[in-house]
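Provided below are the primary sequence and the corresponding predicted coordinates.
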Amino acid sequence: MDLVAWLSLAGICALGAMSPGPSLLIILRGAATGVRPGIAAALAHGAGVGIYAVLTALGLAVLITQSPLLFGILQWGGAAMLLYLGWKALRARAPDPDRKPAEVAPLSSRRAALQGFGIAFFNPKIAVFFTALFSQFVAEQQAFGVKLGMAALAAGIDAIWYSLVTLVVSAGRRRNWSGGPVAHRLQQLFGVVLMALAARLILTI
């Protein structure tokens, strides 16, 4: 591919990463507790996107997009994950007035990474997106390295975007807008929205 094609691919991948949805909520929820959980979720989400990008570049994503059973299993898995995370957020304990906000235990980086990866892996619509996108750039005669480069570009852009989101949220945390009762209200808001997204997904399956 020439430079114009690479830039076009990068621009479309960036627009896809920036589009709001469940992934953004998961990253925000992790970032609201600290930089490390947010970055971990962002990198793991990029890895999940990269898996679909690699499968699409190699022509294997068609197995997902054209298999109603497999597509449905992934969709139900995504809905279950959103319900679980929403319920956990709603059940989060209110902060103790006598306890400093800094003492509130943050989300672990490992758990944040699992959530970031899971929200990408259980979203088969990513495979549909890359199938439509890569069909404009992938050719049978292309080298294997070029196809992997396209997948790496998509994964990297996704991870970088959500890492930037994490840094912005972290700057807000340093202004104490996410401490104490405010953090608890944000958790509850995330929970309501995640469960609403899960309900919407279930209705469309």
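Nice, I can see it. Numbers count the residues shown, from 1 in each chain.

The residue nearest the centre of the chain sits in which helix or strand?
By C-alpha atoms, centre = their mean, the chain has its centre lying nearest to residue 23, at 3.4 Å. With the criterion set as DSSP states H and E, the secondary-structure element containing residue 23 is helix 22-31.

residues in contact with residue 108?
Contacts here follow C-beta atoms under 8 Å, 6 or more residues apart in numbering; on that basis residue 108 touches residue 37. In this view, the C-beta of every residue, glycine as well, is placed from N, C-alpha and C.

May I see the buried residues of the longest helix seen in the chain?
Determined from DSSP state H, the single longest helix within the chain is helix 144-173. For helix 144-173, the buried set under the neighbour-count rule, 16 or more other C-beta atoms under 10 Å, comprises 147, 149-155, 157-159, 161-163, 165-166, 169-170, 173.

Distance from the chain centre to the helix or strand just after it, please.
Proceeding C-terminally, helix 144-173 gives way to helix 181-204 as the next helix or strand, assigned by DSSP H and E. The chain centroid and the centroid of helix 181-204 are separated by 15 Å under C-alpha atoms, centre = their mean, to the nearest Å.

what about the closest residue in space to residue 142 that isn't next to it in sequence, neighbour count?
Take residue 142 and drop its neighbours on the chain: the residue closest to it by C-beta to C-beta, 6 or more residues apart in numbering is residue 1, 7.7 Å away. Counted with other C-beta atoms under 10 Å, the neighbours of residue 1 add up to 15.

Kindly list the main-chain dihedrals of residue 33?
phi -100, psi -10 (degrees, to the nearest 10).

where does it land on pLDDT?
At residue 33, the predicted lDDT confidence score is 82.

count of neighbours near it?
Neighbourhood size, residue 33 [other C-beta under 10 Å]: 22.

distance of the residue nearest to the centre of the chain from residue 69?
24 Å (C-beta to C-beta, to the nearest Å).

where in this protein is pLDDT low?
The model of the chain has pLDDT under 70 over residues 92-106, 140, 172-184, 186.

continuing past the helix holding residue 23, what's the next helix or strand?
Remark: after helix 22-31, the chain's next helix or strand is helix 35-57, criterion DSSP H and E.

name the helices or strands packed onto that next one?
Applying 3 or more C-beta pairs under 8 Å, 6 or more residues apart in numbering; DSSP states H and E, one finds that helix 35-57 contacts helix 22-31, helix 109-121, helix 125-134, helix 144-173.

picking up where we left off before, which ones are touching the residue nearest to residue 142?
Residue 1 makes contact with 9, 137, 142, 146, 150, according to C-beta under 8 Å, 6+ apart.
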